[in-house]
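>>> okay, sequence plus prediction incoming.
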Amino acid sequence: MSTLTDRPEGEAPTPVVSRASATGEALRGTASALPLLPPLILVVVAFAVFAPNFLSGTNIENIVVAASIIVVPGLAMTLCITMGEFDLSVGATVALTGAVTCTVIRDGSSTATALVAGLLVGLAVGLANGLVVTKLGVTPFIATLASMVIVRGFARAYTDSRDVIVNDSTLKYLAAGRPLGIPFPVVVAVIAIAITMYVTYRTRFGRWVAAIGSNRDAAALSGLPVDRIRIMVYVLIGLTGAIWGATISAQLQKGSGNLGLGFELDAITIVVIGGTSLLGGRASVIGTVLGALLIEVIRNGLNLLDVAPAWQRISIGLLLVMALAAQAIRRKVPLEALDDKH
Amino acid sequence: MATNDVLLGIKDLTVEFPGVKALDGVSFDVRAGEVHALVGENGAGKSTLLKVLGGVYAPTGGSVTLGGEPYRPARPRDAQDAGIAVIYQEFTLFRDLTVAENVFAGREPHSRLTRAIDYAAMRQECRRVFEQLRVAIDPDARVGDLSISEQQLVEIAKALSVDGRVIIMDEPTAALSSSEVSRLLDVVKRLRDEGRSVIYVSHHLEEVFEVADRATVLRDGRFVTTVDSADADEDTLVRSMVGRDVASVFHREDATFGEVVLRVERLRAGRVLQDVSLDVRAGEVVGIGGVAGAGQNELTQAVFGALPVRGGGMLLDGKAFAPRTPAEAIAAGVGFLHEDRKSAGNLPHLSVEQNLTMTVLDRVRGRVLLSTGKQREVWSTYRDRLRIKASSHHQLISLLSGGNQQKVLLGRALARSGHLLVLNEPTRGVDIGAKAEIHQLVNELTAQGVAVLMVSSDLPELLGMSDRIVVLSQGRVVGRLSGADATEENVIACATTGRRIGLAA
């Protein structure tokens, strides 16, 4: 392992060239995602060799669609983790919003009304999370762990623990529609990625999210609207959770209190393996996109190889450990560098 | 020069926290276009006052006027909008963001329509501010990659860019080398000449006398006096700060030295340290001087096993000494007091006792568990020996004053080693009373035969406390000063002009 300390004698310290331009910042974010490329290529090649039909057009589309669905909440989670926090309640939000959407449709209202209802519920969950962490000062881990349990409970109570079956072609469009031949979830994901890139690297909101993650006290002393930004990020997670819920319900044509179990960990996993630091301050939007692809490639390939779901979970868990270990190694600064870095 | 117009009027200002009156009926005023120093020991209420002015704390009593109008900031943003810029002692920087992003945090120039930040304008404005400060810092550098003194300058740039009518600086020179200090003081004077008011908080009275038009003294949350600095001298100011007579700088008594404890021979380490040789004898204080970054930190870190040695070597008590980790250095008997108490020294959530016994846990062990009695014994030994003021052994270290925290850490260093102490900026950020006491302690320790290697950027301290001074420049020894040679002029000349004094041919 090469570290700063083995630098050959006499060589000047590497100047840190960092550009404040948005493109530069985006490049920096992208650079932290680069370590993800070799494993991604490796698993693609491995599955191409061993898994039948892995490279077929339909299968590739399946992977891209699955990654597109997961990446949208992953983008909101990227902002949250950049802020040094995370939200465990998004999986439960998927269940509740999906259940609400399907129930509203089943009870005879229009699909649009149902979708708006789902989004409003997602917004409400996000707002509640945001208020609890900011105004009540509960740490995000505990606050969103509690809301994960509460929201899941609501979803089950609301559905009476029964599936809400619908047959709605408009809703189905969310999952299977093909405007201009492109799967609808991919369209949504591309728009969401573009907006997130812009917001993260170009706007004050994005800088402030990074500022809060870098030093929250300083952010407050600098006059940043810290609480408002934090609340907005939780609201974004609630809203993208609702989009996720609607899409999953559209795929399955049902709502259920049991949908989205463990989804919060998927959303966090793609962000973390994408290189966004859990310590906050540094976002890698492209990393989240690659993380989503990597996870879905692995899931898909293991499916094709008939690997049991339990083993899929184990492999994704191992992947998460490796990603975090890689972050820790990159962060390990030799003590030499400490004297001028406080 | 200062006019007599009151810009900032502070009347009967009181701030109460549960159980503590941090400010108690303080009244004074700051004129337009003056540098107004605020002095007092730690705990005198200076920081609280600044936080009221900065919109962080709401006063529980009294009032503030700004330009005749009532001034009641509800949040930091209000203070900025009113033209009051505060540079806090604890840096309020974002390590992950760039210099320009830090300078403009919360006030980024941006397009109304697209919400996009105008990076070009931000960078240009940032350059302009740095030109005004006459420093060269890349607006695009990441703040986490800068040195402490550069970070301090970023803080100052931040205040300047607000275009404040009142600029408040809390200990702005704490982390700066002497040349950087004089540059900063020039900036302060220029700000005043532009008609701004500067409230300047400092423990360094020589700075106060150099830049301040007037000085207000606080003690225990109360107003003591406001003096014209032309009419006052250091002694009277110190007396009103402390409420008693204290030597502002401790002078060492003549000591007798024993055997060489640490010998450093042609040491090369890290990026900076090129060639340093020196001896430290039992009972001796060897002071290391030089501008910031001349290799002082590398030297202490090499001794402490925190920096790999690339050439040369060290002997401890005549035996080869090449620690690869701090643990090895500690085991060999080196006690270390780190430069940055907060990030590398104390464990804020632990008690004073736990902090003190941290390095000697193996000696306070019972058969299975740590022995409460033995820990208490170590604690009370050092509490008495170092005169640590704590309410009890389980008081949190973070609740002590800076000086007492430093004493606990000194105790920790001593508890393990006993015969070689490496002190890096031992009195940075501690108040005058505690400083004198720490100096007194060092004197007592050397009288007991402890050898001390001390890095200090505080020249009076370096001169007053060292038996010999080794001046470094760019990682090499450029001066060996003792006795009559050990003068401020010589240290500065060696450190900054490349003059060489006292080197064997």
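Cool, the structure landed. Source: prediction; values computed, not measured. Numbering: from 1, shown residues only, chains lettered A, B, ... in the order given.
>>> wait, B:F94 touches A:D217, no?
No. Proximity of B:F94 to A:D217 does not meet the contact threshold set by Cβ atoms under 8 Å, at 10.7 Å. Yep, even glycine has a C-beta here, placed from its N, CA and C like the rest.
>>> between the two, who's got more neighbours?
Between B:F94 and A:D217, counted using other Cβ atoms under 10 Å in any protein chain shown, B:F94 has the larger neighbour count: 27 against 13.
>>> now B:F304: how far from B:V471?
In this structure, B:F304 and B:V471 are 21 Å apart, going by Cβ to Cβ, to the nearest Å.
>>> more neighbours: which of the two?
A side-by-side neighbour count of B:F304 and B:V471, using other Cβ under 10 Å, places B:V471 first with 28 against 21.
>>> torsion angles phi and psi at the more buried one?
Torsion angles at B:V471 (phi, psi; degrees, to the nearest 10) stand at phi -100, psi 130.
>>> nearest spatial neighbour of it, chain-adjacent residues omitted?
Nearest residue to B:V471, sequence neighbours excluded (Cβ to Cβ, 6 or more residues apart in numbering or on different chains): B:G479, at 3.6 Å.
>>> on the three-state scheme, that neighbour is what?
What DSSP: H, G, I helix; E, B strand; the rest coil gives for B:G479 is strand.
>>> hmm, it is touching B:T496, no?
No. B:G479 lies out of contact with B:T496 (Cβ under 8 Å); the separation is 11.0 Å.
>>> more crowded one of those two?
Residue environment comparison for B:G479 versus B:T496 gives the larger neighbour count to B:G479, 23 against 17, counting by other Cβ under 10 Å.
>>> who is the more buried one paired with across the strands?
Beta-bridge pairing for B:G479 (DSSP bridges): B:V471, B:I501.
>>> give me the contacts around the helix or strand harbouring A:I150.
Using DSSP states H and E, A:I150 falls within helix A:140-159. When contacts are taken as Cβ atoms under 8 Å, 6 or more residues apart in numbering or on different chains, the neighbours of helix A:140-159 outside the stretch itself are A:80, A:85-89, A:91-93, A:95-96, A:99-100, A:103, A:125, A:128-129, A:132-133, A:136, A:138, A:255-259, A:264.
>>> if we go to 7 Å?
A:85-89, A:91-93, A:95-96, A:99, A:125, A:128-129, A:132-133, A:255-257, A:264 (Cβ atoms under 7 Å, 6 or more residues apart in numbering or on different chains).
>>> assumed B:V129 was part of a strand.
No. Read with three-state DSSP, B:V129 is helix and lies in no strand.
>>> roughly how far does B:V422 sit from B:L370?
B:V422 sits 27 Å away from B:L370, taking Cβ to Cβ as the criterion.
>>> of those two, who's got more company?
When B:V422 is set against B:L370 and neighbours are counted by other Cβ under 10 Å, the residue ahead is B:V422, at 26 against 14.
>>> I'd assumed B:F304 was in contact with the more buried one.
Yes. Using Cβ atoms under 7 Å, B:V422 and B:F304 qualify as a contacting pair, with a distance of 6.2 Å.
>>> identify the contacts common to the two.
Taking Cβ under 7 Å, 6+ apart as the criterion, B:V422 and B:F304 both touch B:334, B:336.
>>> can you give me the domain assignment for chain B?
B:6-242, B:260-497 (automatic domain parsing).
>>> redo those as JSON lines? Include distance to A:G181.
Putting these into JSON lines (distance: least, Cβ to Cβ, whole Å) gives the following:
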{"stretch": "domain B:6-242", "distance to A:G181": "31"}
{"stretch": "domain B:260-497", "distance to A:G181": "56"}
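>>> now render those as CSV, adding mean pLDDT.
As requested, the domains of chain B are exported to CSV (pLDDT from 0 to 100):
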stretch, mean pLDDT
domain B:6-242, 86
domain B:260-497, 83
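>>> nearest to A:L294, out of those?
Taking Cβ to Cβ as the measure, the domains of chain B were each checked against A:L294, and domain B:6-242 came out nearest at 24.6 Å.
>>> okay, how far is it across that closest one, tip to tip?
Domain B:6-242 has its terminal residues 28 Å apart, counting by Cα to Cα, to the nearest Å.
>>> stretch B:352-367 too?
When the termini of stretch B:352-367 are compared using Cα to Cα, they are 24 Å apart.
>>> which residues does the closest residue to A:T97 other than its chain neighbours contact?
Leaving aside its chain neighbours, A:T97 sits nearest to A:G245 (3.6 Å; criterion: Cβ to Cβ, 6+ apart). Residues near A:G245 by Cβ under 7 Å, 6+ apart: A:93-95, A:97-98, A:101, A:118, A:260.
>>> filter these down to the ones in helices?
When the contacts of A:G245 are checked against helices (DSSP state H), the matches are A:93-95, A:97-98, A:101, A:118.
>>> redo those as JSON lines? Include pLDDT, neighbour count and distance to B:D231.
Rendered in JSON lines, the data for those read as follows (pLDDT from 0 to 100; neighbours: other Cβ atoms under 10 Å in any protein chain shown; distance: Cβ to Cβ, whole Å):
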{"residue": "A:T93", "pLDDT": "97", "neighbour count": "34", "distance to B:D231": "69"}
{"residue": "A:V94", "pLDDT": "97", "neighbour count": "33", "distance to B:D231": "73"}
{"residue": "A:A95", "pLDDT": "96", "neighbour count": "28", "distance to B:D231": "75"}
{"residue": "A:T97", "pLDDT": "97", "neighbour count": "35", "distance to B:D231": "73"}
{"residue": "A:G98", "pLDDT": "96", "neighbour count": "32", "distance to B:D231": "77"}
{"residue": "A:T101", "pLDDT": "96", "neighbour count": "30", "distance to B:D231": "78"}
{"residue": "A:G118", "pLDDT": "96", "neighbour count": "30", "distance to B:D231": "74"}
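>>> of these, closest to B:L361?
Each of these was scored against B:L361 by Cβ to Cβ, and A:T93 proved nearest at 46.8 Å.
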